[in-house]
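> sequence-free structure coming up:
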């Protein structure tokens, strides 16, 4: 998923080269931890009522730790797979035309089988073909996961959502603490926060109404998670 620290009232455009601040999920956020462990994420956290800056980063760090002298053969194989995947990701992010292609992100599965999931929006194009061909040349298994929304759509929607102050507009009874513009199992923006007052219609009905309102405002699918992002 994708989160951002609170910043000025007008969020800055996301940069795919920035790294998110370290965050710790609040209680009950097991789903978030699972996604953070397996997806490329962009983290946006809010403290107080100000809007947040955009930031995009992969879970896989480009700075690799080296195995120690006591590493087992399993450990060595893991590090070898990770190094190969990070190298491919670096090659991909330097590819001419990437930002105007349908590329959303890529998910490295090094703990599993050393494969890559290429997350894509729109039809295949020459850039996608180059990435697939390069992965195969390096003997890295690769598959494509199709998405309805581009990363630009998701970041635009997140900016629109963060322009709404808690206690106003669609958030008249909701305090937002964070949002994720990418999730491995949801094609849209995930909004995190809590209701200011217990909704008379119940949490489920209030979530459904808030989801519809935010989706209508942004043109992007939105889902609600309850909890709080706690800065490290």
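Yep, it's here. Keep in mind that what you see is a predicted model, and the values were worked out from it rather than measured. Numbers count the residues shown, from 1 in each chain.
> okay, CA-based contacts and neighbour counts for the rest of this
OK.
> Low-confidence ranges, this structure, go.
Scanning the chain for pLDDT under 70 picks out 1-74, 110-111, 229-232.
> How is it partitioned into domains?
23-57+151-231, 73-147 (automatic domain parsing).
> winner for burial among those domains?
Ranked by mean neighbour count, those are led by domain 23-57+151-231 with a mean of 19 (mean count of other CA atoms under 10 Å).
> May I have the secondary structure class of the residue nearest to residue 176 when sequence neighbours are not counted?
In this structure, residue 176 finds its nearest non-sequential neighbour in residue 193, 4.3 Å apart by CA to CA, 6 or more residues apart in numbering. At residue 193 the chain is in strand, as set by DSSP: H, G, I helix; E, B strand; the rest coil.
> Hmm, residue 193 is touching residue 228, no?
Yes - counting by CA atoms under 8 Å, residue 193 touches residue 228, with 5.8 Å between them.
> list residues touching both of those two?
177-178 (CA atoms under 8 Å, 6 or more residues apart in numbering).
> ok, back up a step: for the residue nearest to residue 176, give me its contacts.
When contacts are counted by CA under 8 Å, 6+ apart, residue 193 touches 174-178, 224-228.
> cool, and residue 141?
114-116, 135.
> mind redoing it with 7 Å?
By CA atoms under 7 Å, 6 or more residues apart in numbering, residue 141 lies in contact with 115-116, 135.
> for the protein, what spans make up the strands?
23-25, 43-45, 103-109, 115-121, 142-147, 174-180, 189-195, 222-226, 229-231 (DSSP state E).
> For residue 92, find the nearest of those strands.
Nearest to residue 92 among those is strand 103-109; the distance by CA to CA comes to 9.2 Å.
> Quick one: list the elements packing against the closest one.
strand 115-121 (3 or more CA pairs under 7 Å, 6 or more residues apart in numbering; DSSP states H and E).
> redo that, cut-off 10 Å
helix 30-38, helix 73-93, strand 115-121, helix 126-137, strand 142-147, helix 151-162 (3 or more CA pairs under 10 Å, 6 or more residues apart in numbering; DSSP states H and E).
> what helices or strands is the longest one leaning on?
In terms of contacts (3+ CA pairs under 10 Å, 6+ apart), helix 73-93 is packed against strand 103-109, strand 115-121, helix 126-137.
> likewise the fifth one?
Contacting strand 142-147 under the criterion 3+ CA pairs under 10 Å, 6+ apart are the following elements: strand 103-109, strand 115-121, helix 126-137.
> So in that sheet, which strands flank that strand, and in what orientation?
Strands that pair with strand 142-147, judged by DSSP bridges, come out as strand 115-121 (parallel).
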